[in-house]
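Novice: coords please:
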Amino acid sequence: MVTPSRKIQLTELMTTETKPKIKVLITDDHALFRAGVKSTLSHYPDIEFMGEAENGMQLLNLVKFLTPDVILLDIQMPIMDGIAALPEVKKILPGVRIIMLTMNDDVSMISRLMEIGANSYLTKNSDSSTIYEAIKTVYTNEFYFNEYTNKAILNGLRTRRVQENAHIDEAELSEKEMQVLRLMCDEKSTKEIAEIVEISPRTVEAIRDRLKLKTGAKTTAGLILYAVKHNIVEG
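Specialist: Next up, the predicted model:
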């Protein structure tokens, strides 16, 4: 006879075993760095490494046959760097999450990287727990924001305002569209937004698509930039 406590233990064990792992692929031209990241993240049972590449060209060849959930992508590499590889990878795997890696915290390019498809930006001296948190967050909520991404988005917006010195027409958004957009900026998932606004997840997705159409944004990051530009959320 199986006791209630034993049933709970068995259920937890089955849940752990059947829970899908996050499939990760790393691209970096330094073998020691790749080995170090793989070693530190191997302690997390919900992470599965699918493969590795030394440059963007190798990565493009890999993603023709592999379907990772998250890619850790170095910015500076020979043959093809991460900046060139990023949009090409997104063409092959539109839904893949990409975390850009760099040796420095230069924020000048981050807003541009996120506009063309990056889901986060980390320095290579980030500890394993930070990298793991970023992987988990982009996997579930699409974006992982930190001090670098936040500063870059705001700096990028200020620079554009000075350079462009032009009026940008605001799209006419309904109150519900504004509410959904604000929740997206708060990093809420589609399911969470649906529960808060009391609509279906499918309706949330439809509103997101409509927001992109109205604002001219091509990605969720573009919508967030639009919201900050037009003071829909505080920067």
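Novice: Identify the residues contacting residue 204.
Specialist: 180, 190, 193, 194, 197 (C-beta atoms under 8 Å, 6 or more residues apart in numbering). C-betas here are computed from N, CA, C, even on glycine.
Novice: what's the closest of those to residue 212?
Specialist: residue 180 (11.8 Å; C-beta to C-beta).
Novice: Among the contacts of residue 204, which one has the most neighbours?
Specialist: Neighbour counts for the contacts of residue 204, by other C-beta atoms under 10 Å, peak at residue 180, which reaches 27 neighbours.
Novice: And that one, how far from residue 22?
Specialist: 26 Å (C-beta to C-beta, to the nearest Å).
Novice: which stretches of the protein form strands?
Specialist: 22-27, 47-53, 70-74, 97-102, 120-123 (DSSP state E).
Novice: what does the domain assignment say about this protein?
Specialist: Using automatic domain parsing, the domain parsing of the chain gives 4-147, 172-229.
Novice: want to throw those domains into JSON lines with mean pLDDT?
Specialist: Output for these, formatted as JSON lines (pLDDT from 0 to 100):
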{"stretch": "domain 4-147", "mean pLDDT": "85"}
{"stretch": "domain 172-229", "mean pLDDT": "86"}
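Novice: re earlier: take the contacts of residue 204 and lay them out in TSV including distance to residue 121.
Specialist: Shown next, in TSV, are those (distance: C-beta to C-beta, whole Å):
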residue	distance to residue 121
180	25
190	23
193	24
194	28
197	29
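Novice: of all the residues you listed, which comes closest to residue 130?
Specialist: residue 190 (25.1 Å).
Novice: Against residue 129, how distant is the closest residue in space to residue 128 that isn't next to it in sequence?
Specialist: In space, and not counting its chain neighbours, residue 128 is closest to residue 40: 3.7 Å by C-beta to C-beta, 6 or more residues apart in numbering. Between residue 40 and residue 129 the computed distance is 9 Å (C-beta to C-beta).
Novice: What is the end-to-end distance of stretch 183-198?
Specialist: For stretch 183-198, the first-to-last residue distance is 13 Å (C-alpha to C-alpha, to the nearest Å).
Novice: I'd like the distance from it to the chain centre, please.
Specialist: 16 Å (C-alpha atoms, centre = their mean, to the nearest Å).
Novice: what's the answer for stretch 45-54, then?
Specialist: The answer for stretch 45-54 is 17 Å, by C-alpha atoms, centre = their mean.
Novice: and what of stretch 37-50?
Specialist: For stretch 37-50 - counting by C-alpha atoms, centre = their mean - the centre lies 18 Å from the chain centre.
Novice: What are the buried residues along it?
Specialist: 37, 41, 44, 47, 49, 50 (16 or more other C-beta atoms under 10 Å).
Novice: Mind picking the two most distant members of those residues?
Specialist: Counting by C-beta to C-beta, the most remote pair of the buried residues of stretch 37-50 is 44 and 50, 14.7 Å apart.
Novice: Contact partners for the most centrally placed residue in the chain?
Specialist: Nearest residue to the geometric centre of the chain (C-alpha atoms, centre = their mean): residue 119, 2.5 Å. By C-beta under 8 Å, 6+ apart, the contact set of residue 119 is 97, 98, 99, 138, 142, 143, 144.
Novice: Specify which member of these is nearest to residue 65.
Specialist: residue 98 (17.8 Å).
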